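Student: quick one, structure for this:
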Amino acid sequence: MYQVDELDIVVGLDDCPRPDIGAPLPLVLGDDYNLVLAYLVAEPDPHWDGTYVQVVSPQSEGLLVAVIRFHRPYAHMFGPPNDEAFTGHPLAARGLEAYSVAEVRNSSWLRRLERMNSVHHNHDRAQFMDSRRHFIWAFHDSTFECIAHAFDIELIRGSIRSAMARMIELLGK
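Tutor: Here you go, the predicted structure:
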């Protein structure tokens, strides 16, 4: 994890599909040049009366799945904190919320990566910082963060398992 300073600003990405609160089942596939994230999207049932829960698995069909393809990914983290320990995230005090998607402007993590890369003989600080963004998906049991130029969103109906085929296809592009 990283430490934040007074420059980090959390901005919610309200146009990005919100993860399912109960079981988003996030899946990450990547290599040196490609990174794809899939998760179940929150779809409130207007007829739900609160008397039951819907149990889902990676094989559960008919669900709305977001497939996120990152452009020129640079770094990513996937793991803690979960929703019960989310206030321990260094950006929680800055407005980062569980079950949300956000961008961090003036990111401490990105600035730390820039300093680490500055020893490269062709390093250009302005190009490094201006072309990369810090994104966060806060899920139920985990948090995903990445540094990339941008991302595309694709929504498909199916299961996390069935979304894997599309994710693998996107890895090859």
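Student: for the rest of this, base every contact and every neighbour count on C-alpha atoms.
Tutor: Noted.
Student: look up how far I136 lies from the closest residue to G95 other than its chain neighbours.
Tutor: Leaving aside its chain neighbours, G95 sits nearest to V10 (6.2 Å; criterion: CA to CA, 6 or more residues apart in numbering). In this view, V10 and I136 are 9 Å apart by CA to CA, to the nearest Å.
Student: list the residues that contact both of the two?
Tutor: Both V10 and I136 are in contact with 102-104, where contact means CA atoms under 8 Å, 6 or more residues apart in numbering.
Student: reformat those residues as JSON lines; add secondary structure, distance to S118 and neighbour count.
Tutor: Shown next, in JSON lines, are the shared contacts of V10 and I136 (DSSP: H, G, I helix; E, B strand; the rest coil; distance: CA to CA, whole Å; neighbours: other CA atoms under 10 Å):
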{"residue": "A102", "secondary structure": "strand", "distance to S118": "27", "neighbour count": "21"}
{"residue": "E103", "secondary structure": "strand", "distance to S118": "23", "neighbour count": "20"}
{"residue": "V104", "secondary structure": "strand", "distance to S118": "21", "neighbour count": "23"}
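Student: show me where the protein has its strands.
Tutor: Assigned by DSSP state E, the chain shows strands spanning 9-12, 27-30, 35-40, 63-71, 75-79, 101-105, 133-138, 143-148, 150-158.
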